[in-house]
Every structure is written in C-alpha cells, then in structure tokens.
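Novice: sequence first, predicted model second:
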Amino acid sequence: MNRELSRFLGFVAAAAALGLVLAVFGAQLLGSAAGADGAIITHLKKLERDGVDHELPWGRLLGPKLQFERISVVLDADGQGATVTSTLDFTGELRRTGRGVTKVSSLGLERARYRLVDGDWEAESTDFPRLLRILEALERRRRAIDGAQAQPDGGVPFEKVSQRVYSSLAWYIRSEREDVTASEDYRLEGREPDRPVDEKATRRLSLHEDTTSGLFSFPDGIM
C-alpha cells in the first residue's frame, strides 16, 4: 500500500469516527436543547390556559389572563438548567387579607430560571420572578405610606394626615430591560387637624432594578 493511499484511508477512518461522535453526542445535545425549548414553552402555554393563583407572604396574586410572547430559551452548558426570557402580558389582582384589592396590569420583560428535575423542566422559584419583585417593591412602598414611615430624606408622605389608610387601587406596570414605570391609582383616607381627608388620584412612579440582587427601589423617592 503506497503512502498516498494509506493517508487517504486514514483520513476516511478519522472522518467516520468524527461522524459517529457527532451522530451520537451531537444529536443528544441538539435533542436536549430542542427538548428544553419545547417542554418549557408547553409549560408556559399551559399556564396561560389555566391562569395563576400565587400565594405571597403579604397577599394572594390571581392572574386569570396572562400571555408569554417572544420566548427565548438559553440552555446551560451542562444541559440541566436554562434561562428563559420573554415578554409577559399580565392582567389580574392582588388580594390582601383585610386590606383590600389592587388591580394589576403589567406588560414587559420577564426572565426566569428553570431546572431539569426527574426529566421535567420546573421553574427554580416561579415563572414570573421579575413581576413579583416589582410588586414586592410597590407593596413595600404602600405599607410605608400607610404606616407614615419616615423616608431617607427625612420626610413623611402626607405628613399632616393622621388616622390614615392608604389604598393602592390599581398598578399599571410597564417593564423594559432598563426602565420600569408604574402608574398607581390610590386612595388616601384620614384626617388633617381641621378637616377629614378622602383623596383619590393617580401617581406615576419610576423603579430601578439592582443588577446584583434583582430587587427594585425608587431612585426618585416613593412619592
């Protein structure tokens, strides 16, 4: 066998071996990615049909209308986890025990983590963690106003109002990658020294997301 033929046969053998490796492991990797995409998207679409009933430490979030669009699934290198980015359109309400109901309408960016557990893809915490962190910040603000808590600038919202009850009637949230805004319909009941107070109005708020913790705050103050 001459040298050229030997080299040619060696090349064919190497190519065949590489093809076998790709056929086995490449197909598995592609199958994992495709499987994650399909399984997670199917899960989210089922959520759209069923709606959500989510218990929180400070209330209960009901979402009969929600829709996930522009869903992107990025699989981890080990194939056991995935980051899912989407646009979430949510309409529902937040119910508090003895403290009223807040209508919630939210449209914007959502990002959640998923893990493969016993062959099924499950959310690590929830399917809409970003929305919940925004709602947590808004609720923390509501409690601060309702409780007449002093703010870092030394002021107290509605300082002259005593016996106050501050109700958030509705939150309309728009959540972009960089900016989050919320319009709040509120009602303030209480008493000033010379008159009762019963005020209904709308206030626009800006929220900032901490890139490390993911928590939201109000860079311009809660008022």
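Specialist: Nice, I can see it.
Novice: please make it C-alpha for all contacts and neighbour counts, starting now.
Specialist: Noted.
Novice: what segments of the protein are helices?
Specialist: 3-21, 27-50, 129-146 (DSSP state H).
Novice: distance check, residue 69 against residue 45.
Specialist: The spacing between residue 69 and residue 45, counted by C-alpha to C-alpha, to the nearest Å, is 10 Å.
Novice: what about the residue most central in space within the chain, distance to residue 165?
Specialist: Most central in the chain under C-alpha atoms, centre = their mean is residue 130, positioned 2.4 Å from the mean C-alpha point. Taking C-alpha to C-alpha as the measure, residue 130 falls 28 Å from residue 165.
Novice: same question for residue 147.
Specialist: From residue 147 across to residue 165, the span is 8 Å (C-alpha to C-alpha).
Novice: who's more crowded, these two?
Specialist: residue 165 (19 against 16; other C-alpha atoms under 10 Å).
Novice: all strands of this protein, in order?
Specialist: All strands of the chain, identified by DSSP state E, fall at 52-56, 59-75, 81-95, 101-117, 120-123, 162-175, 180-192, 195-209, 216-217.
Novice: just send those back as CSV, with distance to residue 35 too.
Specialist: Output for the strands of the chain, formatted as CSV (distance: least, C-alpha to C-alpha, whole Å):
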stretch, distance to residue 35
strand 52-56, 24
strand 59-75, 10
strand 81-95, 11
strand 101-117, 11
strand 120-123, 10
strand 162-175, 29
strand 180-192, 33
strand 195-209, 32
strand 216-217, 33
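Novice: wait, isn't residue 72 in contact with residue 109?
Specialist: No - counting by C-alpha atoms under 8 Å, residue 72 does not reach residue 109; the two are 11.5 Å apart.
Novice: the two - which one has more neighbours?
Specialist: residue 109 (22 against 15).
Novice: compute the number of surrounding residues for residue 207.
Specialist: Neighbours around residue 207, by other C-alpha under 10 Å: 22.
Novice: what's the closest non-adjacent residue to it?
Specialist: residue 218 (4.8 Å; C-alpha to C-alpha, 6 or more residues apart in numbering).
Novice: same deal with residue 92?
Specialist: residue 63 (4.3 Å).
Novice: report the separation between the residue nearest to the centre of the chain and residue 99.
Specialist: 24 Å.
Novice: now residue 133
Specialist: 20 Å.
Novice: who has more neighbours, the two?
Specialist: The neighbour comparison of residue 133 against residue 99 (other C-alpha under 10 Å) goes to residue 133, with 16 against 12.
Novice: is it true that that one touches residue 215?
Specialist: Yes - at 6.1 Å, residue 133 and residue 215 qualify as touching, with contact defined as C-alpha under 8 Å.
Novice: shaky segments in this protein?
Specialist: 1-34, 154 (pLDDT under 70).
Novice: go again using 50 as the cut-off
Specialist: 5, 8-9, 11-12, 14-33 (pLDDT under 50).
Novice: got any residues that touch both of residue 72 and residue 109?
Specialist: 85, 86 (C-alpha atoms under 8 Å, 6 or more residues apart in numbering).
Novice: re the thing from before, roughly how far does the residue nearest to residue 92 sit from residue 51?
Specialist: 5 Å.
Novice: do residue 36 as well
Specialist: Counting by C-alpha to C-alpha - residue 36 and residue 51 are separated by 22 Å.
Novice: how about the contacts made by the residue nearest to residue 207?
Specialist: Contacts of residue 218 (C-alpha under 8 Å, 6+ apart): 205, 206, 207, 208.
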